[in-house]
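> Just need the structure, nothing else, for what follows:
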Amino acid sequence: MAERLVPIALLLLLLLPLSASGATVIWGPYVTGTTNDSAVVSWKTDLPATGSVACGPDVDKLTLTAADDQVVDLHHVALTGLSPAMAYTYVVSSNGTAGPAGGFRTFGEGPIAFAVYGDTRGQVPLFTQMERHKLVADRIAGEEDLSFVIHCGDFVTFGNDPEEWNEYFTAARAMLSSTTLVPVLGNHEGNRSIYYDAFAMPQWYSFECGDAHVTVLDSNDWVGKRMDAETAWLEDDLASAQGWTFVAFHHPPFSSNERLWGGDLELREAWVPIFERYGVLAVFNGHTHAYERYSVNGTEYFVIPCGGEELFTLSDERPDGFRTSLEHTLAYLRVTVDADLVRVDVVPVAEVSEDNTEVVRIYPPGRVFETVVLPSGNSGLRSFFDLLSVFRRLSNATFV
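So this is what the prediction gives:
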């Protein structure tokens, strides 16, 4: 296996405050907006300071430097002129004093892997992000060679509360320091400026990495009259997409959650026909507080709101297309993509009591709830992994 993006020697640097500079890092560092030859490194300090980044193929070769030439508490420093499909290490500095380190991989050709999860907000007084979300984020941080992590929204409970954002970045620190974050707007973000300030990403956008085209949408009510414009943009984006196409947004068009049974019917009417028309391979959603999977007209729908918030019980009645579900379990998706097929592993992290008051068991690394191979035309491999998924589900129920 390839080495992890952040060498073991840098682990102490990840938590190193910038005390000598008079400013301490409270968010990050973290990476967004990665392309084949660029990325944006961000971090926030408790006091305004100057900011710069040193970057290179390893900690002994930080040959590229960049700065934003501002005295601010939240820095977004663009790195350009990078090489495609390459692992980079970086160290951020404030007021000229080196602080935490991180790593990421530029996009490029060839096989890739990425993770998907969401709904990480705490539920005080039952639990905090440090008690639940950190379990999932740390497990994702242990995955090797992830090109990016998609967060399907609901980072925090109150999108205008800086203290909650502080907790999110603290709980996710190890994960954020090792890959690129792909953020999606959830309803709890409230379309607040703090979300846009933190991530410096548009309301909806797309990118390509390896053989994957990823489209990120805003499914929230505040889109309002702009929904027609977003839908037109979606159609244009998918019409020009290359490779396997994935779409991520917060509200699922299919769900058996009792509070939103059937899913978001308006989104289903507006967007699902477009997904089918352009052959979208998989859709990733959150919001409904339990893992579910649906197969509808050639598109696989993965609902993965299992990043740490309160978990709900699903209805016994399931909409058409339902395949599997996993309730009361913190989990994420590990997706591997190459030119021939896509493999999605559903990775359980911890089981939570039905009243959400306690974590009753931690799953060991390497456990998989189910494996889904796409597209469905790969009948031989799919049959093998379908049998493997059944065995794993029976194993989880019987022997864990």
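
> how many other residues sit next to S193?
10 (other CB atoms under 10 Å). For the C-beta atoms, the positions are set from N, CA and C on the backbone; glycine is no exception.

> pLDDT score assigned to it?
If you check S193, the pLDDT there is 95.

> Give me the residue at the spatial middle of this structure.
Note on the chain: the residue nearest the mean C-alpha position is I150, at 2.3 Å, using CA atoms, centre = their mean.

> Contacts only, for that residue.
I150 is in contact with 114-118, 182, 184, 214, 216, 248, 284, counting by CB atoms under 8 Å, 6 or more residues apart in numbering.

> from those, which is closest to A54?
Of all those, A54 sits closest to V182, with 24.6 Å by CB to CB.

> average pLDDT across the helix or strand the residue nearest to the centre of the chain falls within?
Following DSSP states H and E, one finds I150 within strand 148-151. Strand 148-151 comes out with an average pLDDT of 98.

> tell me which residues in the following helix or strand past it are buried?
Downstream of strand 148-151, the first helix or strand assigned by DSSP H and E is helix 162-171. Using 16 or more other CB atoms under 10 Å as the test for burial, helix 162-171 gives 164-169, 171.

> what residues does helix 162-171 touch?
26-28, 30, 44, 120-122, 128-130, 133-134, 137, 155-158, 176, 194, 198, 308.

> mean confidence score for that helix?
Mean pLDDT, computed over helix 162-171, is 97.

> starting at the chain centroid, how far to it?
16 Å (CA atoms, centre = their mean, to the nearest Å).

> for K134, helix, strand, or coil?
helix (DSSP: H, G, I helix; E, B strand; the rest coil).

> let me redo that: L238
Under three-state DSSP, L238 falls in the helix class.

> which one is it nearest to, not counting chain neighbours?
Nearest in space to L238, with sequence neighbours left out and distances taken as CB to CB, 6 or more residues apart in numbering, is Y278 at 3.8 Å.

> burial count for the one you found?
Y278 has 18 neighbours, counted by other CB under 10 Å.

> Which parts of the stretch 101-250 of the chain are strands?
112-117, 148-151, 180-183, 205-209, 212-216, 244-248 (DSSP state E, counting those that start in this stretch).

> Tabulate those in JSON lines, adding columns for distance to V346.
Formatted as JSON lines, the strands of the stretch 101-250 of the chain follow (distance: least, CB to CB, whole Å):
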{"stretch": "strand 112-117", "distance to V346": "10"}
{"stretch": "strand 148-151", "distance to V346": "14"}
{"stretch": "strand 180-183", "distance to V346": "19"}
{"stretch": "strand 205-209", "distance to V346": "21"}
{"stretch": "strand 212-216", "distance to V346": "18"}
{"stretch": "strand 244-248", "distance to V346": "16"}
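
> Among those, which comes closest to T299?
Between the strands of the stretch 101-250 of the chain, strand 244-248 lies closest to T299; by CB to CB that is 8.8 Å.

> quick one: that closest one to strand 112-117, angle?
Orientation of strand 244-248 against strand 112-117 (axes from the mean of the first three to the mean of the last three CA atoms, to 10 degrees) gives an angle of 20 degrees.

> Which other helices and strands does strand 244-248 contact?
strand 212-216, strand 282-285 (3 or more CB pairs under 8 Å, 6 or more residues apart in numbering; DSSP states H and E).

> and the angle for that strand with strand 205-209?
140 degrees.

> Only the buried residues of the next helix-or-strand element following strand 244-248, if you could.
Note on strand 244-248: by DSSP H and E, the next helix or strand toward the C-terminus is helix 265-277. With burial defined by 16+ other CB under 10 Å, the residues of helix 265-277 counted as buried are 267-268, 270-272, 274-275.

> before we move on, back to that, Throw the contacts of I150 into JSON lines and include neighbour count and pLDDT, thanks.
Below are the contacts of I150 laid out as JSON lines (neighbours: other CB atoms under 10 Å; pLDDT from 0 to 100):
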{"residue": "F114", "neighbour count": "24", "pLDDT": "98"}
{"residue": "A115", "neighbour count": "26", "pLDDT": "98"}
{"residue": "V116", "neighbour count": "27", "pLDDT": "98"}
{"residue": "Y117", "neighbour count": "28", "pLDDT": "98"}
{"residue": "G118", "neighbour count": "29", "pLDDT": "97"}
{"residue": "V182", "neighbour count": "25", "pLDDT": "98"}
{"residue": "V184", "neighbour count": "25", "pLDDT": "98"}
{"residue": "V214", "neighbour count": "21", "pLDDT": "98"}
{"residue": "V216", "neighbour count": "24", "pLDDT": "98"}
{"residue": "A248", "neighbour count": "26", "pLDDT": "98"}
{"residue": "F284", "neighbour count": "26", "pLDDT": "98"}
